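Engineer: What follows is a predicted protein model with its sequence.
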Amino acid sequence: MEFIIVGVIVVAAGYILYSNIKKQASGDCGCGNGCKGCNHSCEIKPSIKNNNNNQ
Amino acid sequence: MITAALLGNPNVGKTTLYNALTGSNQYVGNWAGVTVEKKEGFIDNKIKIVDLPGIYAMDTYSNEEKVSKEFLQNGNVDVIINIVDASSLDRNLYLTTQLKQFNKPIILVLNMVDVAISKGLDINYKLLSQKLGVKIIPIVASKGTGISDVKDCLLKEDYITTSSNSLKFKDEKETYAYIEILLKSVTNKKNEDRVSISEKIDKIVLNRIIAYPLFFGCLFLIFMFTFSWVGQPLADFLSSLLNDDFVPFLTGLLANNSPWFSSLLIDGIIGGVGSVVVFLPVILALFLGISFLEDSGYMARAAFIMDKLMRKMGLSGKAFIPLIVGFGCSVPAIMSARTLESEKDRKLTALLVPLMSCNARLPVYALFASVFFPGKETLVVFSLYLMGIGLAFGIGILFKNTLFKKNEEPFIIELPEYKLPEPKSLLIHTWEKGKGFLKKAGTIIFSISVIVWFLSNFNTTGMIDINSSFLAAIGKFINPVFIPLGFASWQNSIALLTGLMAKEVVVGTMGVIYGSNLTHVLPNYFTPLSAFSFLTFVLLYTPCVSVIATMKKEYGNKMAIFSLSYQLVLAWIVSFIIFNVGSIILG
């Protein structure tokens, strides 16, 4: 049983690491949200959060 | 099908109008060869709306301006929808006068007319329409008022199809003079002398003498909040829960299992992931503070006041925004440098961004500061952030005078009204950070912890003592490089190596190798001075693989290799100076 659990953990870890390296090599920051649904977009254009302009 | 180009200054409600007009019938795409995103949507499959990037002018300084100009010239545009902020017509109409030069029908959508009215501004729409030769529709996009008028106008093609008065001006000065005269004739302002609250605050915040101390004072307060008042105390509490309660409980639970099995769970997974996750409150507290500054409208002022300093290192104040984004994560920060006007500006900013301390380094700082500098955590972490800023400044000047000699360019930034941030918006933004951190803990930190555990417990002969493991062999190989920096041990070398995947992994790896109770173990391997030298190295060496990949994607192989090499060399030199000069001073 222990071998099975460890096997699952090690395989899962290996797979996660492999897919992360692949993602990172493409420039994904690894925040976990993916570039398409990037939550960083609000940081790239911080002004979109403030709707009332002044000067 | 009619093609309508939607244009306007940034932050005037362009996206709100676009969404209101097109509903869900939209898709997002990229233009080949350019980096700026555009959106296309449709109204009843009869009108195609192309949402172009927010711009101030058509002067082709920036990518956004180039993209918009090119589209208006070559994109078969039938009509231009120019959305403007009705309360700031003096600034917004500059773009309108330039759009007139394309000789296309224009629908001038005056957004935020409610704000204009509240400011005592009375606009004669009919007269303005006649004088500019455009169709005018007043709206309040955020409330949906007037959207149907814009739709009807487009569907019935009820816009002025012949441009009777194409406006041409010699220069900026002449354009603004025309706008001033035009507005005097079409608007009536009550309470003209009234000074808004924002203007009153700006008199203090933008004051030459007070501006810089106030900016650094604000940052220091955020660090106090993070490391002295809320974040760090909560992290310490979580750490004691983990080490004093959870680990003994799990050890008891696994008492009858094989030693290697319980070691994987306790030393590998709990030691690796747990030792990082306990710093979640530190991340949340710091980003709550930064979100507060952003939402209040202060961050735009910070960029404005930094313009002078930024120019000294050959950058415009606009580059301050990517650098600030760099405090969160270097990857989007490097990408946001795309919005800068010149290629040299973009490259120089991208090279300096990694020196801004990203949030992934926070767990390392928080851990070492609490172990080696108790009571002075805020000062130590604040000094690291300042060191990053200071070095970026110095390196910026160096690169400006060697690699990136160039002319200065103008800087325009929106100064939004100050407002008390909405708690919901603050919490959402802060939680996004926390969520990203937890996702990282569950993926990359988890996987590296398991692999580090495996490599630190096994070699070709099976399970062995950690000092004879694969990992020890790798660590001992790179260890000599760090001897002059004062923190040489194969364990620390491995932590720095795995930290190339993500900086949080430095703590995770130490948690696996040294055990989750790092507070007690680390003083055996570091002195306060070597700990600070280590923190300096963590601050300055390459943030992670993603950053190198992004540099390569954005600027090519040479820049990626240069960025990686100069950061490693800089990190080594500065840590070397700190450790050796510190050793001499401390005797």
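Structural biologist: Arrived safely, thanks for sending.
Engineer: From now on I want contacts and neighbour counts done on CA atoms only, so please keep to that.
Structural biologist: Fine.
Engineer: what packs against whichever helix or strand B:Val325 is part of?
Structural biologist: Assigned by DSSP states H and E, B:Val325 belongs to helix B:320-326. Helices and strands touching helix B:320-326, by 3 or more Cα pairs under 8 Å, 6 or more residues apart in numbering or on different chains; DSSP states H and E, are helix A:41-44, helix B:298-312, helix B:330-336, helix B:343-352.
Engineer: do that again at 7 Å, thanks
Structural biologist: helix B:330-336 (3 or more Cα pairs under 7 Å, 6 or more residues apart in numbering or on different chains; DSSP states H and E).
Engineer: model confidence over the helix it packs on, on average?
Structural biologist: The average pLDDT for helix B:330-336 rounds to 82.
Engineer: cool, stretch B:170-178 as well?
Structural biologist: 84.
Engineer: mind saving the C-alpha coords of that stretch as CSV?
Structural biologist: This file holds the C-alpha atoms of stretch B:170-178, laid out as CSV (Å, rounded to 0.1, in the frame of the first residue of the first chain):
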residue,chain,number,x,y,z
LYS,B,170,0.9,73.3,-37.1
ASP,B,171,1.7,71.9,-33.6
GLU,B,172,0.4,70.9,-30.2
LYS,B,173,0.3,74.4,-29.0
GLU,B,174,-2.0,75.5,-31.9
THR,B,175,-4.2,72.5,-31.3
TYR,B,176,-4.7,73.2,-27.6
ALA,B,177,-5.3,76.9,-28.4
TYR,B,178,-8.1,75.8,-30.8
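Engineer: Please point out which parts of it sit buried.
Structural biologist: Using 16 or more other Cα atoms under 10 Å in any protein chain shown as the test for burial, stretch B:170-178 gives B:175-176, B:178.
Engineer: next helix or strand past the lowest-mean-pLDDT helix or strand in chain B?
Structural biologist: Ranked by mean pLDDT, DSSP states H and E, the helix or strand of chain B with the weakest confidence is strand B:26-30, at a mean of 30. Downstream of strand B:26-30, the first helix or strand assigned by DSSP H and E is strand B:37-43.
Engineer: now the lengthiest helix in chain A: mean pLDDT?
Structural biologist: In chain A, taking DSSP state H as the definition, the longest helix is helix A:2-25. Average pLDDT, helix A:2-25: 89.
Engineer: Name the residues of it that are buried.
Structural biologist: Quick answer for helix A:2-25 (16+ other Cα under 10 Å): A:6, A:9-10, A:12-14, A:16-17, A:20-21, A:23-25.
Engineer: Distance to B:Asp245 and secondary structure added to the buried residues of stretch B:170-178, as TSV?
Structural biologist: TSV is the format used below for these (distance: Cα to Cα, whole Å; DSSP: H, G, I helix; E, B strand; the rest coil):
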residue	distance to B:Asp245	secondary structure
B:Thr175	71	helix
B:Tyr176	69	helix
B:Tyr178	73	helix
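Engineer: Would you reformat those as TSV and include distance to chain A?
Structural biologist: TSV is the format used below for these (distance: Cα to the nearest Cα, whole Å):
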residue	distance to chain A
B:Thr175	18
B:Tyr176	15
B:Tyr178	19
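Engineer: got those residues as JSON lines, with distance to B:Asn479 columns?
Structural biologist: Putting these into JSON lines (distance: Cα to Cα, whole Å) gives the following:
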{"residue": "B:Thr175", "distance to B:Asn479": "65"}
{"residue": "B:Tyr176", "distance to B:Asn479": "64"}
{"residue": "B:Tyr178", "distance to B:Asn479": "69"}
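Engineer: how close does B:Leu52 get to chain A?
Structural biologist: Going from B:Leu52 to chain A by Cα to the nearest Cα, to the nearest Å gives 15 Å.
Engineer: in the stretch 251-400 of chain B, which segments are predicted with low confidence?
Structural biologist: For the stretch 251-400 of chain B, applying pLDDT under 70 flags the ranges B:339.
Engineer: What parts of it come near chain A?
Structural biologist: B:261, B:295, B:325, B:331-332, B:336 (Cα under 7 Å from any Cα of the partner chain).
Engineer: Need the CA coordinates for stretch B:199-219. CSV is fine.
Structural biologist: Extracted in CSV, the C-alpha atoms of stretch B:199-219 (Å, rounded to 0.1, in the frame of the first residue of the first chain):
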residue,chain,number,x,y,z
GLU,B,199,-6.3,68.9,-6.3
LYS,B,200,-6.0,69.9,-2.6
ILE,B,201,-4.3,66.5,-1.8
ASP,B,202,-2.1,66.8,-4.9
LYS,B,203,-0.7,70.1,-3.6
ILE,B,204,0.8,68.1,-0.7
VAL,B,205,1.5,64.8,-2.4
LEU,B,206,3.2,66.3,-5.5
ASN,B,207,5.1,68.9,-3.5
ARG,B,208,8.7,68.9,-4.6
ILE,B,209,10.1,68.6,-1.0
ILE,B,210,7.4,66.3,0.5
ALA,B,211,6.8,64.0,-2.5
TYR,B,212,9.8,61.6,-2.1
PRO,B,213,9.8,61.2,1.7
LEU,B,214,6.0,60.7,1.5
PHE,B,215,6.4,57.9,-1.1
PHE,B,216,9.1,56.1,0.9
GLY,B,217,7.1,56.7,4.1
CYS,B,218,4.0,55.0,2.5
LEU,B,219,6.1,52.0,1.4
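Engineer: can you tell me if it touches chain A.
Structural biologist: No - counting by Cα under 7 Å from any Cα, chain A is not contacted by stretch B:199-219; separation bottoms out at 8.7 Å.
Engineer: buried stuff in that stretch?
Structural biologist: Those would be B:199, B:202, B:205-206, B:211-212, B:214-215, B:218-219, for stretch B:199-219 by 16+ other Cα under 10 Å.
Engineer: Among these, which one sits closest to chain A?
Structural biologist: B:Glu199 (8.7 Å; Cα to the nearest Cα).
Engineer: Do you know the pLDDT at that closest one?
Structural biologist: Per-residue confidence (pLDDT) for B:Glu199: 83.
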